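Peer 1: Attaching a predicted model along with its sequence, questions to come.
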Amino acid sequence: MKKIIWLLGICALTAKTAVPQQLAIASPQGKHTISGTVSDASTGEELIGATVYIKELGSGTTTNTYGFYSLTVADGDYELVAQFIGYTPVTKRISLSQNIKVNFSLETATTEIAQVDVKGEKLNRNLMNPDMGMEKLQIATIKSIPALFGETDVIKSIQFLPGVGTSGEGFIGYNVRGGGTGQNMMLLDEATVYNAAHLFGIFSVFNNDALKDVKFYKGGIPAEYGGRLSSLLDVRMKEGSPQKFGVNGGIGLLSSRLTIDGPILKDRCSFIVSGRRSYMDIFFPLYRDQIPDDTKLYFYDMNAKVNFRVNDNNRLFASGYFGRDVMNYAGVMQIDYGNRTLTTRYNHLFSDRLFSNLSVIYSHFMYGLEESDTRWESSIRDWNAKADVTFFATPQNTLKTGGQLTYHKFTPFIVKAGANSPNYMKNVSQHNNSLEYAAYVTHETKIGGIIDVDYGLRLSMFQNFGKAEVVNLDENYNAVDTTRHTKGVFNTYKGLEPRISVNWRLTDKASLKANFQQTYQYVHLASNTMSPLPIDSWFASNPNVKPERCRMVSLGYFQNTQNDMYAFSAETYYKKMYDVVDFKDHADMFVSDDIATQIRTGQGYSYGLELMLKKQEGRFTGWISYTYSRTFTKVETINNNEYYPSNYDKPHDLSVVATYDVLPRLHLSLNWVYSTGAPRTLPTGRFEYNGVIAPVYAERNKLRLPDFHRLDLSATFDLKTVERKGRPWLEQNLNLSIYNVYNRHNAASIMFEQDEHDPSVMTAEKLYMFSIFPSVTYNFKF
Amino acid sequence: MKHNILTIGILSAIFGTACTEKIDIDLNEGENNRLVVEGYISTDTMQHSVRLTRSTSYFYNQPATPEKDAIVTISDSEGNVFPLTYDDSTGNYLTAPDVYGVPGRFYTLNIKLKDGEEYEAVDELIAPNTFDTVYYEYTNLQYGVDIGSYYYWFYTTFTEKPYFDDKYLIYYYFNDTLWNPTFDDVLYASTASYMDGCGHFEDVLFCAHDEDSIPHNPHVRCDLVTISIGYYNFVSQLYTETVGQTGLFSGPPANVCTNIINKDKEKPNGLGYFSARSYDTYEFDIVNDKKDGKPMTEGLKD
């Protein structure tokens, strides 16, 4: 608490000294505001994170997530420059004596299809702001990385970053700095995505063709975001061109996709619709000996967005996602699951320096399991209202504040018994309701031109309310009775979440950064499998389950060389997690009456060193990252209440990602990954009972799988552009990729088999998921 | 079991390249030499047996050797004591042939090894539940669809007890041979909220002549075995850690619980379980399983 008071004090003092009299919206005497947007000249889409600066003053700002910027400086004649990687910078001469609007349209530096999406901020952005543990992923980079089945993906790309581990080969679950897969917040246009997996994780729900901006925070999460302990993946969808219609898509081995965008009202209103459908089950007859007839496996999804510029000060957005996976095994059993989101946003400029956004968001995730004419269903519905205000006080000071309210409706269990259901089945439905509130304030300030500080405070609160039955547990977690609540709030948790990031620019080419953050998580994911599944259980805090809490400190050194062509970073962190949840040994969700009887809470800690060397420009680009990290967990009743390595504790992790433009039309890519084998609990002894060999285990996760490594290659060949009326009409490319080039059989798990002929003989087998796998994808863009 | 089939099936379906291969792995096995107990007392009047063996390293790959020269007794909560003697031919400790358990009593197994170590195990003998109906079908139809060949379907139903934690094993014998000797498909529990209060369970056994070695027109015996929650936990955990381990989609492995307690608290407990069980048995003969080539359904107990 003392630390929080100290932080608040610093906050108040700094705000008072750094921004005197600037909370008033009227411009200070002799100063006026330049504001506007920066957009892509060819599509009209606003650019997020573009730099706008005044040459004479050497100071500037970047556009926010809506492409808006605001600069307040002394009156005078200036050259105003807007720039963004992959685009030709634009300079405008301005004479400032009153508030003015200056909009920029930037032309792309190249029209090659593989490069069209190369959009990034300034190359030395890593040195210029206090963002630490944040990575802004380029869509073009994501598309260039060789991928399983040729299906490039945002989340698969994240897994190559230092500090990020994968929960299993081929799966999209990821672990960030020792956190669990359920501790990662994934937002699609601000809507929470509870499960981002398609087809158990071969694909994610994020369709590259519909995405505009991807930011990933493994630390330094801004105070405006909360709800998860470890990371934030903030994905924004494209808005569609307000100027011209476009069509692009791709035809792959397992799925195809199509995106259409264009104006509804030229320069004022645009739309984008993007859809995907997989068809891998058409190959099942080739595996007739392994896969029964009538087995189905497919997904489809659709992204759509409309935006309407009412006038220069008001803008409306509506976007949505709908996706569904269906897996039917031999017509006997079926699992289906999917997400639905809907986001409506209203941007309003109160003045040239006061930007506001109001969002109303709906998010829904469900899964169903069907067998013997009986259907089990579980779902989460969130209704969320969010308001944010940004005050661009001076080029050195930006204040943000806002709040949000989320209504969670969890339906952990619905049983729908059909006419042919087993006669012990009956229809059952359980729901529980909760509210999550948050308010925040942040201040970004630049001190003396060499120190940048982002600090803020988030106050979060969580309440269970409404009709509910809460089990009361004895000391052994057995349900002794039930308390029935009929209405009103019956349980409240609160949390203070201070965040601070500091950047000290040592030289023009080097900076030192530090970060501290405290985060709370009020909804929990308890996975009772070694690999994440769509049927993993999300549940809310309640009187039996406290919110999870995490404190993390990190320190980093950043250095650029050779005119920012090379960027090096070294980050280290220590993280302590409290009240993390895990299932008890032998938890059984199918025969338990309340999840509280099956889970246990504990604490964990992790630490690590992350090194990254990136080549940012030239024909050869890419990065090498190495992470040394450890993560340990201690959960009540597990491993004799002693700390044990977490399931995702992999001390050494190395990734190499490289792209080489061999010819103007031929691009080669490579990635190689290595990590220490994941820890596993394997038997050290055995005993016989009822004719079977039963294992005896020593400590949890004491042994490890063999080390993991894999090489993937891909080649993208830009086919001839078809022209009409002297202008490009159809741009196209062909991507060939080989996954697991040297065909290493990486162990996903170790299993033990009892010999059929001699039951006393046991043998060990490894399960591996993928051999070498080539694939081809054709991409086009009209 | 069905869920494991599902996950393996889905794995195959998604990852056509998924496969297994043998691997040499160092399990860092160390010393394993704990007492293992397998035995029970039931409501049937019979010669009850208890088997004592030792745990070994995981790749020992030899049958467990019986532990001899122990003093073994079973006593009940009414003060009755039943001594057991070692039988060289089976390697088991046996009671007299007229021993039976009484529902409602607690039964304690006492073991004193030749090195002086003493163990104790206690279980409650729950009152038996009884079958309501038993019948069978001999048919080539599943949900109205011809599945290609004829199979037996055996249906047994029984009423849930008025209290919360009903736990059962159901065994089927054909011509006096136990058809389901392991714990696959024999374990039933009624704690799930969607089952509780539904009146009765239905167990369905689905088996073919050829694959499952069931003779035509067999003599059938069904045992409904009521067990304690402790033994239910042991059996379900044993199942999870052996047959139920699919590696990827299974929960974290953990040791199977036990009720074999070492009286010296400083020393490790034993392994295995001593259980108390109550039986309801129903027997019948299938006289003609296929009349005029048409499927036959026959009710046997109502």
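Peer 2: Done, it's in.
Peer 1: Just list the residues touching the spatially most central residue of chain A, thanks.
Peer 2: Centroid-nearest residue in chain A: A:Leu233, 2.4 Å away (criterion: CA atoms, centre = their mean). Contacts of A:Leu233 were listed using CB atoms under 8 Å, 6 or more residues apart in numbering or on different chains, and they are A:154-155, A:158, A:184-187, A:214-217. Every C-beta, even on glycine, is put in place using the N, C-alpha and C of the backbone.
Peer 1: If we use 10 Å, what do you get?
Peer 2: A:Leu233 makes contact with A:137, A:154-155, A:158, A:174, A:176, A:184-188, A:193, A:196, A:204, A:206, A:214-218 under the criterion CB atoms under 10 Å, 6 or more residues apart in numbering or on different chains.
Peer 1: what helix or strand does it sit in?
Peer 2: Counting by DSSP states H and E, the element that carries A:Leu233 is strand A:231-237.
Peer 1: Flag every buried residue along that strand.
Peer 2: Using 16 or more other CB atoms under 10 Å in any protein chain shown as the test for burial, strand A:231-237 gives A:231-237.
Peer 1: so A:Ile282, which of the three states?
Peer 2: Here A:Ile282 takes the helix state, with states given by DSSP: H, G, I helix; E, B strand; the rest coil.
Peer 1: That one touches A:Tyr298, doesn't it?
Peer 2: Yes: in this structure, A:Ile282 is within contact of A:Tyr298 by CB atoms under 10 Å, at 9.3 Å.
Peer 1: re earlier: strands paired with the strand holding A:Leu233, and their directions?
Peer 2: Here strand A:231-237 has these sheet partners by DSSP bridges: strand A:184-188 (parallel), strand A:211-217 (antiparallel).
Peer 1: Any idea which of these has the lowest pLDDT on average?
Peer 2: Least confident of the strands paired with strand A:231-237, judged by mean pLDDT, is strand A:211-217 with a mean of 90.
Peer 1: Any chance you could give me it in CSV, C-alpha atoms only?
Peer 2: Extracted C-alpha coordinates of strand A:211-217, given in CSV (Å, rounded to 0.1, in the frame of the first residue of the first chain):
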residue,chain,number,x,y,z
LEU,A,211,-6.3,-7.4,-39.7
LYS,A,212,-4.8,-4.0,-39.6
ASP,A,213,-2.8,-3.8,-36.4
VAL,A,214,-1.4,-6.3,-33.9
LYS,A,215,0.2,-5.2,-30.7
PHE,A,216,1.5,-7.8,-28.2
TYR,A,217,2.4,-6.8,-24.6
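Peer 1: where's that strand relative to the chain centroid, distance-wise?
Peer 2: Offset of strand A:211-217 from its chain centre (CA atoms, centre = their mean, to the nearest Å): 8 Å.
Peer 1: Over to stretch A:436-445?
Peer 2: Its chain's C-alpha centre and that of stretch A:436-445 lie 20 Å apart, by CA atoms, centre = their mean.
Peer 1: Give me the buried positions along that stretch.
Peer 2: Residues of stretch A:436-445 classed as buried: A:436, A:438-445 (neighbour count, 16+ other CB under 10 Å).
Peer 1: for the strands paired with strand A:231-237, which one sits closest to A:Ser749?
Peer 2: strand A:184-188 (22.7 Å; CB to CB).
Peer 1: So, low pLDDT: which residues of the chain?
Peer 2: No chain was given, so I picked chain A. Scanning chain A for pLDDT under 70 picks out A:1-29, A:109-128, A:130, A:146-150, A:170, A:287-291, A:420-429, A:528-535, A:588-593.
Peer 1: I was thinking of chain B, sorry if that wasn't clear
Peer 2: Flagging of chain B using pLDDT under 70 yields the residue ranges B:1-18, B:142-145, B:147, B:161-165, B:181-213, B:244-251, B:288-302.
Peer 1: Over to A:Thr141. Which of the three states is it?
Peer 2: Under the three-state scheme (three-state DSSP), A:Thr141 adopts helix.
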